[in-house]
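Colleague: What follows is a predicted structure for the sequence shown.
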Amino acid sequence: MPQGSTNIRDEWKYMDEECKQLQETHRIYLQKLDEISKLQSSCSSSIFRQRRRLTEMSKKCSTESSEKDSKNVDEIKDKIKTRLNAFSEMEAFLPKKNGLYLSLVLGNVNVTLLSKQSKFAYKDEYEKFKLCTTVILLLLSFICYFFVSYRFVDAILNFLLVWYYCTLTIRESILTSNGSRIKGWWVFHHYVSAYLSGVMLTWPDGNLYKIFRNQFLAYSLYQSFVQCLQCYYQSGCLYRLRTLGERHNMDLTVEGFQSWMWKGLTFLLPFLFFGHFWQLFNGLSLFRMAQLPDCKEWQVLMCGLCFLILFMGNFFTTLAVFRQKLKSRNQRPKSL
Ligand code: COA
């Protein structure tokens, strides 16, 4: 037999062996996947059942408690609370049904990330995405403000803003269903911003548009700059939390994190509040513009309204976040 064909045959035999091993490994993999999905459904249904019974039990506790055994009842109530929290933590690692928005956008695909590392990695990637897109938006606003003054370039900027905010709403819904504590307002903020940018996109290139254009572009420039600072702060928080391996309960070991977060926040807040008042200023300018006799465009009033909503939501939510953080900072020494 010629040497060449013997070599090929040997190589084939070797590959055949390897392929058989691969098939076996894959068979085990499928079997484990099957086991995992059975375990997932069994855990989910047990949690569902336990939760229902705990709710019934806590109702009983509040109706049937007498003076005598109130101490016992209180103890059980505390235990029920702890158990419910433990169930919520378990559920963060089990597949669940998507909410209305994700079902509409993505359909019924599972978006639960099943390990802490993948949750962190997803959030990290979300912050990077925000930073990259914000830098592009910053450059584009800069070009529009200083160099080119064509309506179609402005339209590209506004389209990019619409796309960016829509993408954020999807990513944030995925983050929320993976246990992120993003406040409802920030998600709503992105819907309003997407709508605002969409309305800006349709604003015809008339006199009024030209009057407001530079103010809007300067605001976009500033907002992108603040968002870069915000991304830096939020990625910093994320990296420090990951290093600590901690998430929601802050104790002595996270003192360093707390002081970094506090420094970052106090640095960021003046920039944020300035941005909020700029939104108020934009809103008021547009309302004034809407009263001009030659104002025929509905976009003027609509954008004014959106800016006003953004101002109120951003200002009061940021204030509430700051107050809440201040309160927990002042309470910390007492709890140690
Ligand atoms: N957008 C998206 N997610 C946000 C967010 C925002 N504006 N603000 C907070 N979050 C997320 C955090 O990343 C965190 O997520 P996690 O649970 O997955 O870790 C969660 O919400 C809870 O955050 P919280 O501890 O309440 O606040 P923070 O310290 O992360 O950030 C601020 C506080 C004030 C810096 C932040 O809310 C912020 O930048 N707000 C201002 C935004 C704004 O006004 N933009 C317009 C500028 S002109």
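Modeller: It's in.
Colleague: who touches the residue in the chain that the ligand sits nearest to in this structure?
Modeller: Closest residue of the chain to the ligand, C-beta to the nearest ligand atom: residue 275 (2.6 Å). Heads up, the C-betas are built off the backbone N, CA and C, glycines and all. Taking C-beta atoms under 8 Å, 6 or more residues apart in numbering as the contact definition, residue 275 lies against 222-223, 226, 314.
Colleague: just checking: which of these also lie near the ligand?
Modeller: 223, 226, 314 (C-beta under 6 Å from any ligand atom).
Colleague: what does the protein have sitting close to the ligand?
Modeller: Counting by C-beta under 6 Å from any ligand atom, the chain sits next to the ligand at 123, 175, 180-182, 186, 223, 226, 230, 233-234, 237, 265, 268, 272, 275, 314, 318, 321.
Colleague: Among those, name the buried ones.
Modeller: 123, 175, 223, 226, 230, 233-234, 237, 265, 268, 272, 275, 314, 318, 321 (16 or more other C-beta atoms under 10 Å).
Colleague: which regions of the stretch 201-336 of the chain lie under the pLDDT threshold?
Modeller: 245-254, 332-336 (pLDDT under 70).
Colleague: now, which of the residues of the chain next to the ligand lie within strands?
Modeller: Among those, no member falls in strands (DSSP state E).
Colleague: Just those: which are in helices?
Modeller: 123, 175, 186, 223, 226, 230, 233-234, 237, 265, 268, 272, 275, 314, 318, 321 (DSSP state H).
Colleague: Spell out the residue ranges of the strands in the protein.
Modeller: Counting by DSSP E, the chain contains no strands.
Colleague: which residues in it form helices?
Modeller: With DSSP H as the criterion, the chain has helices spanning 3-64, 70-91, 100-106, 116-146, 151-177, 184-202, 207-244, 255-290, 298-335.
Colleague: measure the residue of the chain closest to the ligand to residue 314 for me?
Modeller: Using C-beta to C-beta, to the nearest Å, residue 275 is found at 8 Å from residue 314.
Colleague: Tell me the one of the buried ones among the residues of the chain next to the ligand nearest residue 259?
Modeller: residue 265 (10.7 Å; C-beta to C-beta).
Colleague: Disregarding flanking residues, what is the spatial nearest neighbour of that closest one?
Modeller: residue 325 (6.7 Å; C-beta to C-beta, 6 or more residues apart in numbering).
Colleague: residues contacting the one you found?
Modeller: The contact partners of residue 325, by C-beta under 8 Å, 6+ apart, come to 261-262, 265.
Colleague: for residue 180, same thing?
Modeller: Residue 180 neighbours (C-beta under 8 Å, 6+ apart): 123, 172.
Colleague: pretty sure residue 188 contacts residue 310?
Modeller: No: the criterion here is C-beta atoms under 8 Å, and residue 188 misses it with residue 310 at 9.9 Å.
Colleague: so who does the nearest residue to residue 314 once chain neighbours are set aside touch?
Modeller: Closest residue to residue 314 apart from its sequence neighbours, by C-beta to C-beta, 6+ apart: residue 276 at 4.9 Å. Residue 276 makes contact with 311, 314-315, 318 under the criterion C-beta under 8 Å, 6+ apart.
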